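Asker: Dropping the sequence and predicted coords here.
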Amino acid sequence: MYLAFNNDMTLNGYQFEIGKTYDIKRDPDLLKIGLNVHASVLDCLDGKDATCRVCEIKAEDIVESEEGKRICRKITIVRELSKPEIMDKISQSLYTSLWTRNKQS
């Protein structure tokens with residue numbers, strides 16, 4: 001699972017650190033914002049600028065919202081992905097998407 005943060009490791013006004021665990025259901029401020037987690041790097045970059053930092057996370061207690069988004073209630077920020085890793089994962093996602101579309105035609 002992945003989550004994109006601002007360049008200063010903030011998200012929605014809340015400060016995060018790599019290596020730490022955040023229990024959202026026990027933190028009323030985080031519970032208000034919720035954390036949308038993503039299975040692909042490409043999805044987590046939607047609406048983010050080029051200075052964002054993408055991290056691999058361990059997500060626990062995931063619930064699906066009415067809009068179909070995955071919101072987790074507990075995360076551990078495992079590590080930050082390097083720019084080459086991000087580009088590689090985006091390429092893989094795009095290739096898979098194109099291959100699936102062509103397969104259905």
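Answerer: Received it, and whenever you're ready, just let me know what you need.
Asker: What's the local residue count around A4?
Answerer: Burial of A4 is recorded as 21 neighbouring residues (other Cβ atoms under 10 Å). For glycine as for every other residue, the C-beta is placed from the backbone atoms N, C-alpha and C.
Asker: Pull the number of nearby residues for the nearest residue to K89 once chain neighbours are set aside.
Answerer: When the adjacent residues along the chain are set aside, K89 lies closest to V41, with 4.0 Å between them (Cβ to Cβ, 6 or more residues apart in numbering). Other residues lying near V41 total 21 when counted by other Cβ under 10 Å.
Asker: what sits against the closest residue in space to D23 that isn't next to it in sequence?
Answerer: Ranked by Cβ to Cβ, 6+ apart and with sequence neighbours excluded, the top spatial neighbour of D23 is K74, at 5.0 Å. For K74, the residues meeting the contact criterion (Cβ atoms under 8 Å, 6 or more residues apart in numbering) are T21, Y22, D23, I24, K25, A59, E60, D61.
Asker: let's see it at 10 Å
Answerer: The neighbours of K74, taking Cβ atoms under 10 Å, 6 or more residues apart in numbering as the test, are 21-26, 30, 35, 58-62.
Asker: With respect to E85, which of the residues you listed is nearest?
Answerer: Proximity of the contacts of K74 to E85 (Cβ to Cβ) peaks at K58, which lies at 17.1 Å.
Asker: For the closest one, give me the pLDDT.
Answerer: With respect to pLDDT, K58 has a value of 95.
Asker: What is the host helix or strand of it packed up against?
Answerer: With elements delineated by DSSP states H and E, K58 resides in strand 53-64, which encompasses its position. Packing partners of strand 53-64 (3 or more Cβ pairs under 10 Å, 6 or more residues apart in numbering; DSSP states H and E): strand 2-5, strand 21-23, strand 35-37, helix 41-44, strand 70-80, helix 83-104.
Asker: and if we set it to 7 Å?
Answerer: The elements that strand 53-64 packs onto, with contact taken as 3 or more Cβ pairs under 7 Å, 6 or more residues apart in numbering; DSSP states H and E, are strand 2-5, strand 35-37, strand 70-80.
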